[in-house]
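Visitor: Give me the fold of what follows.
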Amino acid sequence: MPKDTPIRWENAELIKILSYINNNIDMWCTNHLNACLKAIEATNNNKRDAKAVYNKIHSLIKAMDEFLKTGKKAQTCSIIWEETKIHDLVRKIYVKTKDRKKKDDNKEKKKKDENLERRSKEGSQESKTRDDDGDVEMSNSSDQLTPTNRSTVNGPVSQLPFSPDLIEKLYNEKCQQIAETRTRLTKIAESAKSEFDMVNFQIPFQLDSVETNCNDKVHQITLLRTELIEMIEKANNKYNELKAFQ
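Guide: Just a heads-up that it's a prediction; the model follows:
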């Protein structure tokens, strides 16, 4: 069977999508695919799925990046150079995304530097608890630990045991799975409807049930992600309290 012919993007359609992304840049930077899903819902766009919207925005941003760095205008994205409104929106999204990435990178670097400095201090403090022969120095306090126990306590302490990055990675994977399921089931439902219409049978399900169920799933995993991140933050705080306990 021949492949489906790509649906041409209309200027008005693209402007609505880009305007939504520009006005919700935090959502876009947090999760591209989820932002595309929300943009489709907000603009009542029933022509495309989230992957198609993402691919279009990505190609426009890539073309803008090339233009700003080299001055070369990509012919595959001529709409940027032909439509002022689209050009302005793509440029704003590009700049905001780049600024957000820079801030996130700086924040991550600062966090790593702080962790490195803390581990360095802990290592220095740990070395002071041992004498030249490698034996453990005993405290004069009445509740002093045995040499074996003290050695265990002063052993190497690992980094924080939980990371929100792992949750974010899993969340993105689940969003992608839901988006693919949405696309596949929508095509199946539309094909089934055509078959039922041909024999004048009432279709036994609602076409919008696919959209509703997929949106519910995105909402559920978003709540789970939020709960997990909050739990991780609490667990890491308790871990730090235990590690700092004297």
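Visitor: what's Glu233 in contact with, if anything?
Guide: Pro164 (Cβ atoms under 8 Å, 6 or more residues apart in numbering). Bear in mind the C-beta positions are built from the backbone N, C-alpha and C, glycine included.
Visitor: Which strand or helix spans it?
Guide: helix 208-244 (DSSP states H and E).
Visitor: low-scoring pLDDT stretches of the chain, where are they?
Guide: 1-5, 122-162, 203-205, 207 (pLDDT under 70).
Visitor: Map the structural domains onto the sequence of it.
Guide: 8-105, 160-246 (automatic domain parsing).
Visitor: for the longest one, how far is the first residue from the last?
Guide: Distance between the two ends of domain 8-105: 37 Å, counting by Cα to Cα, to the nearest Å.
Visitor: rewinding a little: could you single out the most deeply buried of the domains of the chain?
Guide: Highest mean neighbour count of the domains of the chain: domain 8-105, a mean of 16 (counted as mean count of other Cβ atoms under 10 Å).
Visitor: Figure out which of the domains of the chain is closest to Lys112.
Guide: domain 8-105 (10.6 Å; Cβ to Cβ).
Visitor: what separates the closest one from the chain centre, distance-wise?
Guide: On the basis of Cα atoms, centre = their mean, to the nearest Å, domain 8-105 sits 17 Å off its chain's mean C-alpha point.
Visitor: Confirm Lys47 sits in a strand?
Guide: No: Lys47 is assigned coil when assessed by DSSP: H, G, I helix; E, B strand; the rest coil, not a strand.
Visitor: quick one: the helices in the protein?
Guide: 11-23, 25-30, 32-42, 50-70, 78-82, 84-127, 147-153, 164-198, 208-244 (DSSP state H).
Visitor: Can you list the helices and strands that the fifth one packs against?
Guide: If I follow you right, that is helix 78-82. helix 50-70, helix 84-127 (3 or more Cβ pairs under 8 Å, 6 or more residues apart in numbering; DSSP states H and E).
Visitor: how about CSV for the ones you listed, with distance to Glu10 added?
Guide: Converted to CSV, the helices and strands packed on helix 78-82 look like this (distance: least, Cβ to Cβ, whole Å):
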stretch, distance to Glu10
helix 50-70, 12
helix 84-127, 11
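Visitor: do you know which of the ones you listed lies nearest Asp208?
Guide: helix 50-70 (16.4 Å).
Visitor: The closest one versus helix 208-244: what angle between them?
Guide: Interaxial angle, helix 50-70 versus helix 208-244 (axes from the mean of the first three to the mean of the last three Cα atoms, to 10 degrees): 60 degrees.
Visitor: thinking again about what came up before, what's the closest of the helices and strands packed on helix 78-82 to Lys217?
Guide: Proximity to Lys217 (Cβ to Cβ) singles out helix 50-70 among those, at 13.1 Å.
Visitor: so Ile79 touches Ala12, yeah?
Guide: No: here Ile79 does not reach Ala12: they are 11.9 Å apart, not a contact under Cβ atoms under 8 Å.
Visitor: thinking again about what came up before, distance from the helix holding Glu233 to the middle of the chain?
Guide: 13 Å.
Visitor: That one vs helix 32-42, what angle?
Guide: Using the same axes, to 10 degrees: helix 208-244 against helix 32-42 is 140 degrees.
Visitor: so who does the residue nearest to Ile229 when sequence neighbours are not counted touch?
Guide: Closest residue to Ile229 apart from its sequence neighbours, by Cβ to Cβ, 6 or more residues apart in numbering: Pro164 at 5.0 Å. By Cβ under 8 Å, 6+ apart, the residues touching Pro164 are Ile229, Ile232, Glu233.
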